[in-house]
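Undergrad: okay, structure incoming, though there's no sequence with it:
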């Protein structure tokens, strides 16, 4: 038997090089594809320490966001990237993105916990927009297309055996106990 104490297994690491790669990796970090959600990725240096998800409908209660930020703080995260998933919006332009007020509240809450917001993005209909970037060359008005199958992070996650189920309900169904007849 080989002693592997102190040896890290880099085969489980996902390398993310672009914002699109991170957005493609998020479903694998959660185990399902988020919808109508705020997903928060906590970072310490360049390492993901925690990934949290909250229903957009729950964010009217400031306590939910504060509790989520507390979890990030306890994970030793010093930076955070937020992704708002909302496929119900249409005709989006960078200057009038939905959920901007919620993103501002999120940024204020992160600051109170001493966590820097690297970026906040909206993900909708296969595209993403930054709430913070004003550079049209970097973040055009029509948003940027998600890399999809071309994403190296997505390919690496799949190769590592990570799964992104279709939605949260599919994940919940996997965790349901078998009924008495099946047991």
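TA: Done, it's in. Because the structure is a prediction, the values reported are computed rather than measured.
Undergrad: contacts, neighbours, all on C-alpha from now
TA: Fine.
Undergrad: so which residue is smack in the middle of the chain?
TA: Centroid check for the chain by C-alpha atoms, centre = their mean gives residue 39 as the closest residue, at 4.0 Å.
Undergrad: got a list of what it touches?
TA: Counting by C-alpha atoms under 8 Å, 6 or more residues apart in numbering, residue 39 touches 51, 52, 53, 54, 82, 83, 84, 85.
Undergrad: can you tell me which of those residues is nearest residue 114?
TA: Proximity of the contacts of residue 39 to residue 114 (C-alpha to C-alpha) peaks at residue 82, which lies at 15.4 Å.
Undergrad: state the distance from residue 27 to residue 41.
TA: From residue 27 across to residue 41, the span is 12 Å (C-alpha to C-alpha, to the nearest Å).
Undergrad: before we move on, what about residue 34?
TA: Where residue 41 is concerned, residue 34 sits at a distance of 13 Å (C-alpha to C-alpha).
Undergrad: can you flag which of the contacts of residue 39 belong to strands?
TA: Residues of these located in strands (DSSP state E): 51, 52, 53, 54, 82, 83, 84, 85.
Undergrad: most neighbours of all those, which one?
TA: residue 84 (28 neighbours; other C-alpha atoms under 10 Å).
Undergrad: closest one of the ones in strands among the contacts of residue 39 to residue 112?
TA: Set against residue 112, the nearest of those by C-alpha to C-alpha is residue 82 (15.9 Å).
Undergrad: what bridges to that closest one?
TA: Under DSSP bridges, the beta-bridge partners of residue 82 are residue 40, residue 120.
Undergrad: I'd say it and residue 115 touch.
TA: No - Residue 82 is beyond contact range of residue 115, at 11.9 Å (criterion: C-alpha atoms under 8 Å).
Undergrad: can you pull out the strands in the chain?
TA: 37-44, 47-55, 79-85, 116-124, 127-130, 144-145.
Undergrad: partner strands of the second one, with direction?
TA: The sheet places strand 47-55 alongside strand 37-44 (antiparallel), with pairing taken from DSSP bridges.
Undergrad: ditto for the shortest one
TA: Each strand paired with strand 144-145, and its direction, by DSSP bridges: strand 127-130 (antiparallel).
Undergrad: ok, and what's touching the partner strand?
TA: By C-alpha under 8 Å, 6+ apart, the residues outside strand 127-130 that reach it are 20, 94, 119-123, 139, 142-146.
Undergrad: what of stretch 44-57?
TA: Stretch 44-57 is contacted by residues 29-30, 36-43, 68, 72, 75-79 when judged by C-alpha under 8 Å, 6+ apart.
Undergrad: could you pull out the helices for this protein?
TA: Remark: helices assigned in the chain by DSSP state H are 19-30, 62-74, 100-112, 152-159, 168-175.
Undergrad: comparing those, which comes out most buried?
TA: Among the helices of the chain, ranked by average contacts under mean count of other C-alpha atoms under 10 Å, first place goes to helix 19-30 (a mean of 21).
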